[in-house]
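J.: below is the structure, and that's it, no one-letter string:
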Ligand SMILES: Nc1ncnc2c1ncn2[C@@H]1O[C@H](C[S@+](CC[C@H]([NH3+])C(=O)[O-])CC(=O)[O-])[C@@H](O)[C@H]1O
């Protein structure tokens, strides 16, 4: 993979407030693609190259599905080939996507989280949006569908980038991309090349905070990326108690090796305020259920149900409280 698939998007940055990011991001992507080679990348690249190429489709956002519809139905053999190439990008964690009638039933019903937050956020029409840890871009398509001017998704996983490229292959939209960068890459690039990275109208960080070893640094970074008055949408694992506690799992949490901290909602609100964010509000607290996160033919590994105690499903197999996630909104002061 080289810079070419990202060039239309980088070009689109040129006539926006993000113009100064254009060269910076191009350098970052080049470096990451060099150093983050992945053994499966050639396999994913062959699948992308072999995707059928019907005429460009339209982005169709149904309640439960990010869809692509074209002017003509794809013939059966072409659909079979489509399944084969998209399956080569297994596991699909985030979705569902509907590609010319083919439903990619991903591990997560990501539509459910979107439903919880979409009416609580400032409408995205015309806004410059950053989605940190965006996965394969499922939500970034939704953000574009709400009329965002540009959406930068960043995620260090090359499989996520490959899945975005597969979906974008059928849409060819320049105003959104999943770039192979971690938040730390973005901050290092900003520190080295930009006076002030605070340009985004809305910054999303969903499903990332618990995986950061230094959660307060993450919140400070998110604040720095917002323009004054900009909105942060934060989603993360929380403890459902009323106390001021932070769970720091010893070993795994729900089979995940990289969960470092799970605060109560009260602590999380305090962290946001302590990092200089204001008007903090909690818009949702929901347990994650096996209806929302489950194994499917598009994600054949173990999933949430395997990570919960079979006799006491309100606990993980390690004995911790089962996953509950909260969505909070906050602002960088003007
Ligand atoms: N350093 C990093 N910087 C940025 N992203 C990272 C980093 N390390 C890992 N990630 C990425 O953060 C994402 C976390 S998933 C949330 C996806 C989406 N937001 C969702 O809300 O469904 C967790 C979940 O499923 O809850 C993965 O795609 C990682 O590759």
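T.: Perfect, thanks for sending it. Since the model is a prediction, treat every value here as computed from it, not as a measurement.
J.: strands along the stretch 1-150 of the chain, start to end?
T.: When secondary structure is read from DSSP state E, counting those that start in this stretch, the stretch 1-150 of the chain shows strands at 58-62, 65-69, 94-95, 97-99, 102-104, 108-109, 128-132, 150-154.
J.: count of residues packed around the nearest residue to residue 260 once chain neighbours are set aside?
T.: If the residues on either side of it in the chain are set aside, residue 260 comes closest to residue 213, at 5.2 Å by CB to CB, 6 or more residues apart in numbering. Where you see a C-beta, it was placed from the backbone N, CA and C, and this is true even at glycine. Burial measure for residue 213: 9 neighbouring residues, criterion other CB atoms under 10 Å.
J.: can you classify residue 213 by secondary structure?
T.: Following DSSP: H, G, I helix; E, B strand; the rest coil, the label given to residue 213 is coil.
J.: isn't it up against residue 184?
T.: No: the pair residue 213 / residue 184 is not scored as a contact, 10.7 Å apart, by CB atoms under 8 Å.
J.: re earlier: any chance of the strands of the stretch 1-150 of the chain in TSV, plus distance to residue 245 and mean neighbour count?
T.: TSV is the format used below for those (distance: least, CB to CB, whole Å; neighbours: other CB atoms under 10 Å):
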stretch	distance to residue 245	mean neighbour count
strand 58-62	39	13
strand 65-69	37	21
strand 94-95	30	24
strand 97-99	38	23
strand 102-104	38	18
strand 108-109	27	22
strand 128-132	26	26
strand 150-154	31	26
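J.: out of the ones you listed, the one nearest residue 267 is which?
T.: Of all these, it is strand 128-132 that lies closest to residue 267, at 20.7 Å by CB to CB.
J.: list of residues touching that closest one?
T.: 16-18, 139-140, 143, 148-154, 183, 186, 199-206, 208, 222, 225 (CB atoms under 8 Å, 6 or more residues apart in numbering).
J.: that strand pairs with which strands, and in what direction?
T.: Here strand 128-132 has these sheet partners by DSSP bridges: strand 150-154 (parallel), strand 200-206 (parallel).
J.: picking up where we left off before, and the residue nearest to residue 260, how far from residue 188?
T.: Distance of residue 213 to residue 188, given as CB to CB, to the nearest Å: 16 Å.
J.: again, but for residue 8
T.: Distance from residue 8 to residue 188, by CB to CB: 25 Å.
J.: and the pLDDT at the residue nearest to residue 260?
T.: Note on residue 213: pLDDT of 97.
J.: swap in the one 3 residues further on?
T.: Residue 216 carries a pLDDT score of 98 in this model.
J.: quick check: which element contains it?
T.: Applying DSSP states H and E as the criterion places residue 216 in helix 215-225.
J.: what packs against that helix?
T.: Applying 3 or more CB pairs under 8 Å, 6 or more residues apart in numbering; DSSP states H and E, one finds that helix 215-225 contacts helix 183-193, strand 200-206, strand 226-238, helix 265-274.
J.: who wins for proximity to residue 59 among those?
T.: strand 200-206 (18.6 Å).
J.: that closest one: which residues count as buried?
T.: 200-206 (16 or more other CB atoms under 10 Å).
J.: got it, and stretch 171-191?
T.: 171, 173, 175-183, 185-187, 189-190.
J.: ok, those vs residue 95, which is closest?
T.: Nearest to residue 95, judged by CB to CB, of those is residue 178 at 14.0 Å.
J.: so that closest one touches residue 156, yeah?
T.: No: with contact defined as CB under 8 Å, residue 178 does not count as touching residue 156 (10.5 Å).
J.: okay, and the beta partners of the closest residue in space to residue 83 that isn't next to it in sequence?
T.: Leaving out its chain neighbours, the residue that sits closest to residue 83 by CB to CB, 6+ apart is residue 102, at 6.4 Å. Beta bridges link residue 102 to residue 99 when assigned by DSSP bridges.
J.: about what we covered before: and of the strands of the stretch 1-150 of the chain, who's closest to residue 266?
T.: strand 128-132 (23.7 Å).
J.: so which bits of the stretch 151-300 of the chain are right by the ligand?
T.: Selection of the stretch 151-300 of the chain residues close to the ligand by CB under 6 Å from any ligand atom yields 154-157, 160, 182-184, 206-208, 211.
J.: an error on my part: the question was meant for the stretch 1-150 of the chain.
T.: The stretch 1-150 of the chain has residues 94, 110, 132-135 near the ligand, with proximity defined as CB under 6 Å from any ligand atom.
J.: stretch 94-109: how far from the chain's middle?
T.: In this view, stretch 94-109 has its centroid 15 Å away from the chain centroid, taken as CA atoms, centre = their mean, to the nearest Å.
J.: mean confidence for it?
T.: 97.
J.: figure out the length between the terminal residues of it.
T.: Using CA to CA, to the nearest Å, the end-to-end distance of stretch 94-109 comes to 7 Å.
J.: can you tell me what sits against it?
T.: 54, 57, 60, 62, 64-70, 73-74, 79, 82-83, 86, 91-93, 110-111, 135-136, 138-139, 167, 170, 291-299, 303.
J.: for whichever residue of the stretch 151-300 of the chain sits closest to the ligand, give me its contacts.
T.: Proximity of the stretch 151-300 of the chain to the ligand (CB to the nearest ligand atom) peaks at residue 207, 2.7 Å away. Contacts for residue 207 (CB under 8 Å, 6+ apart) come out as 133, 135, 235-236, 325.
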